[in-house]
Every structure is written in C-alpha cells, then in structure tokens.
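Enquirer: The following comprises the amino acid sequence and a computationally predicted model.
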Amino acid sequence: MKRTNKIWNPERECADREEMRRLQSKQLAAMMERLYHNVPFYRNKLKEMGIEPGDIRDVDQLKALPFTTKDDLRENYPFGLFAVPQTDVVRIHASSGTTGKPTVVGYTPRDIETWAEVVARGLVMAGVNEDDTIQVSYGYGPFTGGLGIHYGAEKVGATVIPISSGNTRKQLQFMTDFNATALACTPSYAAHLGESILKEGIPPEKVKLRTGVFGAEPWSNELRREIEKLLHITAYDIYGLSEVMGPGVSMECECQRGNHIFEDHFIPEVVDPETLEVLPDGEIGELVFTTVTKEAMPLLRYRTRDLTRLCREKCDCGRTLTRMEKCLGRTDDMLIIRGVNVFPSQVEAVLMSMSGTSPHYQLVIRREKNLDTLEVKVEIDEKNWSDSIRVLEGIRKQIEANIKSMLGITAIIKLVEPNSIQRSEGKAQRIIDLR
Amino acid sequence: MHIQQLSVFLEDRSGRLTELTRILAENDINIIALNVAETTDYGIVRMVVGRPQLAKETLEKEGFSIGLTDVACVNMADEPGSLYKILKILAEKEVNVDYMYAFSNDDVALGVIRTENIPEVTKLLEERGITLLSQHDIYQL
C-alpha cells in the first residue's frame, strides 16, 4: 500500500520494540517513586502488598501491581489521586457523571505538552498538516474532546476553527466559508453534518473536507463508510478517555487496521475482566493503561472497561507501536438480551450494511414478563421511502432477519419518521434502557 | 394521463393525522380523496389533493415524511360493472394493482389505482376507452 501521510515523531512511533521496552521500564520505575511518595492512596495499596518502589525495575513487573478503577477515582473525588500540589496543576477536566460524581482529572504544563504531542501524532497520522484548516466540532469545556484536539492541531501548525459542538447551520457556514479541510467531532455528529449538507443543498465543490478524526463513542466500520461517502473524506478513529489523557491515547493510521497506542506514555495491557489475569496478545479482554509519564494524576493499571485485543506486529505504515482493535464498546454499554451479549455498535453494523438505512437509530430495552425485549427504532429516509406497506414491511422484516442471523437475537423493528430520533451534537444517545 | 397522489408516512402517534389536516386546511389545500393504510406501528396516508406540489413542500417544511406517487384516476359510470371493466383490462395484461380506493358521488364514480409503470398503464386504459382524470381536472373538483 502506498503511504502518503507523514509520521510526526518517527523516533518514538517507529522505535525498535526492545528500545520501547527499555524506555517503558525506566518510566515505570520513576512513576512508582512518584506514586509512593506523593499519593497516599497508592502508598497504602503498595505497602499492603509489600511492594517498595525500588522493587519495580521492568515493565514485565506491571502484572504484579494493583489496578485502579473508576470507583477509586470517585472515592477520591475530586483531587485525592493528584500527585502534585495544586500550584503545579494548570488545567482540570471532568467527565459528565451520568451516575454519581463526575470523574476529575488534572494536568501540569508538561501533561498538556504530552497531550498536544500525542494528538499531533494522531492528526498527522490522519494526513493533517500545517496547510490544513481543521474544524473542531467537539465540545469545548470540561469534556476533553475540544481542547484536546485543539492543542494538538496548533502544535501541528494547522489552522484551527474552534467552533465547538452544536449550531449545525453555523458549522456548515464556517466549513464552507473558511475552507475547512479536516473535521474533528463524534461520528454521529459527523453523519448528521453530512446529511445536513445534502439537505441544505450545498454544492459538493464548496465543501473542501478531505479527512476526519472521529471518536468519543464506539462506532462501526459500516458507519465509517457511510460518513466517508457523505462527506467525501477518509474517516479515522481516534481513541481516548479523560482518565488516561483525553483523545489521543491511540489513533488509527491509513492502513485502518487498528489504532496505534502511544505506549511511550500509556502502557497497554489486556486482562480478563473476571479473573483480572493478563491475556496473551490477540485475545479479547478489558483494556488497561498505566500512564507512566503523567505528572498531575498518574494512574496505575487503570481499567478502561473497553473491550479490545492487542497486536504488537509492525504495521505496514512503518510504525512499531502496539495496535488495539477498534473497540466493540464499553463493558457498561454491553446489553445482555436474554443471555446474549450485544453491543449497540453491532446493531449499527447490521443497519449500516443494508443499503438505504439511515445512520440514526435507537435501541429501547424493556422487560416484559421477566423477558428482555430489544426494540430497534430505524428512521425511514429518502433512500428507502415508499408508500407501499408491502415494501416497508419488506424492509422491516429484512432488518429483523439480518439482526437475527448476525447477532442471534430477535429484535422488534420499529420504522419511525425521518428526524424523529433526536440528533446529538456530542455523544449520541443510542440506548434507552427501561428495565 | 395520470395524477400525483400525496403519500405521507405517519408514525402511530396520537394527533399526527389531525396535525396533517390542520396544515392542509391552513394552506387552503382541498382533499378530494383520502385513504389510510395502517400497520400496528405506522400508517401511510394517501391523498388526492388540489395542489399536490404545494402540499408536499408545506408538509415537508413541517417535518412530515412525504412522497408524490403517480397514480391513475379513472372516471367511471356509477353503475354495476364499471370497475370490473377496468380491472379486466389490467388483468388481461397481467398488471398488478398495488392498492386502490374509490368513491362515487351523483353519477360519477372515481377510482384511484396504483400499479407499476403508471404511464404505460394509463396509456393502455385510454386506448381501451376509459376516461382518466388529469391533474387539471382535479383542481376543478
């Protein structure tokens, strides 16, 4: 395959594996000192386990160290896990706590610099350079999406349109008037923007986009193809979570065979979510990160609840960084419908693989007579519009049959009016669980 | 000669049909014939209206899911055997009727028929002496 996109930091991104291990071992040893001396939470844990900071000298010893969970973050709300005095913290982000307290993270100037560095690597991976104009339609605020991409894009030298999320009409105006060539937002909003361009009748030549960086919610390859078709771009997956850094923990290259993890800052492991044993490469389990270079809030073996598998083979793009497969979804998003595990992204893949199905859908889960039922709301749109009940029922039954054969569950398919499912400007609300 | 029927996809939500007719009323659009086909979750409202293009644009602006469908509107004598005569012509040519609805008033009986390939079907009916209504005729009703 012909590579056209550049590599921002070849020294790190294409490092020899042994060299990377040596770097990680050195970083981990230094991190242990900081955790032991500056964070009572970790000092107590390590003391209980009889581990002294000097004991850890090799990245292979990671598996002997304690995990950190989202509950640990909540119990130490807001600043209990910070490893530096507040004078050294220059930024605080917080994730929306849909249940309970928000998750709070802090950054030192060097953390902000590291973050910009990894996002810069990611943007360059997606072909963004100093000649590009990038429209950042992620929300700016406590959410890490907007500011995270922003600093990385400035580091690359691109022109940034910090429009934040929402106000679709203005998004389209800026996109066309300022000649945006790159777009960063959630995949569901990208699809909405693409449809809005069609609906507003904006001539394709006025839209100059050629690449897009999308993340913050799990999305299927089928939705990727739909977005690429709608916006005439190549769509790249960016992965991250605020607890670890924000967007830019890993990023997809042109080969689109998994995301490269910036493991000189975030050391990945995949563990069995039940036994917590480390799994061999290639096996699916829960992704765990140790943020070895983080100063303000370094985390040891943070459990992401994201399910994926790792691959350490060198990529065709030339990078040696470990790759993670596109996430199926978070363990908390997984639905168990009558004993069958289902991720919303799998339903999305089935819908998107059928021609003429809108990328807007919603899953409603109910419990009726002790049985879980899954209802899938699918919008009728121009492509599958018909005034014949026979045709519409044919579409409905086809969706039902495809879900049954591909996911092994019976879903109730409800055809709904166009635009009746609420459009999201941030993370899409795909699931309504009424159980 | 065929006419355009207004077809509306409606979710099974209360008040939706009322809303639809309110918008038509406010825009002074006359409904000449109406038929509702329903399933448990949604329905299709098919209408012959005075100004179909205006009706479509107005309803789309209000967020309705609209299509214009070509249909044949036949003018029959209000007497036994009129409809049979027409359907026999279609059956002989193996033309399948997707759906139809009809009404009669005074001496006139009108039928709205939807099949595949409406231009050809209307041509066939006219050749066989059946009177078809044009969009212009509909305005006069």
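Expert: Yes, it's here. Numbering: from 1, shown residues only, chains lettered A, B, ... in the order given.
Enquirer: What count of nearby residues applies to whichever residue of chain B sits closest to chain A?
Expert: Proximity of chain B to chain A (Cβ to the nearest Cβ) peaks at residue B:7, 3.3 Å away. Where you see a C-beta, it was placed from the backbone N, CA and C, and this is true even at glycine. Applying other Cβ atoms under 10 Å in any protein chain shown, we find 23 other residues in the vicinity of residue B:7.
Enquirer: before we move on, what about residue A:189?
Expert: Neighbours of residue A:189 under the rule other Cβ under 10 Å: 26.
Enquirer: Going by secondary structure, it is in what exactly?
Expert: Taking DSSP states H and E as the definition, residue A:189 sits inside helix A:187-199.
Enquirer: check whether that helix contacts chain B.
Expert: No. Between helix A:187-199 and chain B, judged by Cβ under 8 Å from any Cβ of the partner chain, nothing touches; the nearest distance is 10.5 Å.
Enquirer: And the next helix or strand past that helix?
Expert: Downstream of helix A:187-199 (by DSSP H and E), the next one is strand A:211-215.
Enquirer: okay, the angle between that next one and helix A:187-199?
Expert: 140 degrees (axes from the mean of the first three to the mean of the last three Cα atoms, to 10 degrees).
Enquirer: in its sheet, what does strand A:211-215 sit against?
Expert: Next to strand A:211-215 in the sheet, as set by DSSP bridges, lie strand A:182-185 (parallel), strand A:234-241 (parallel).
Enquirer: I'd like the distance from it to the chain centre, please.
Expert: A distance of 11 Å separates the centroid of the chain from that of strand A:211-215, by Cα atoms, centre = their mean, to the nearest Å.
Enquirer: And for stretch A:247-266?
Expert: When C-alpha coordinates are averaged (Cα atoms, centre = their mean), stretch A:247-266 and its chain have centres 11 Å apart.
Enquirer: In it, which residues have enough neighbours to count as buried?
Expert: For stretch A:247-266, the neighbour count (16 or more other Cβ atoms under 10 Å in any protein chain shown) marks A:247-254, A:258-266 as buried.
Enquirer: Sticking with residue A:229, tell me its helix or strand.
Expert: Using DSSP H and E, residue A:229 sits within helix A:221-231.
Enquirer: elements contacting that helix?
Expert: With contacts taken as 3 or more Cβ pairs under 8 Å, 6 or more residues apart in numbering or on different chains; DSSP states H and E, helix A:221-231 sits against helix A:187-199, strand A:211-215, strand A:234-241, helix A:344-352.
Enquirer: how about TSV for those, with mean pLDDT and distance to residue A:358 added?
Expert: Output for these, formatted as TSV (pLDDT from 0 to 100; distance: least, Cβ to Cβ, whole Å):
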stretch	mean pLDDT	distance to residue A:358
helix A:187-199	92	8
strand A:211-215	97	18
strand A:234-241	96	17
helix A:344-352	87	8
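Enquirer: Mean neighbour count, those: which tops it?
Expert: The highest average neighbour count among the helices and strands packed on helix A:221-231, using mean count of other Cβ atoms under 10 Å in any protein chain shown, belongs to strand A:211-215 at a mean of 27.
Enquirer: After the lengthiest strand in chain B, heading C-terminal, what element do we hit next?
Expert: The strand that spans the most residues within chain B, counting by DSSP state E, is strand B:65-77. Per DSSP H and E, the first helix or strand lying C-terminal to strand B:65-77 is helix B:82-92.
Enquirer: Nice, that's everything, thank you.
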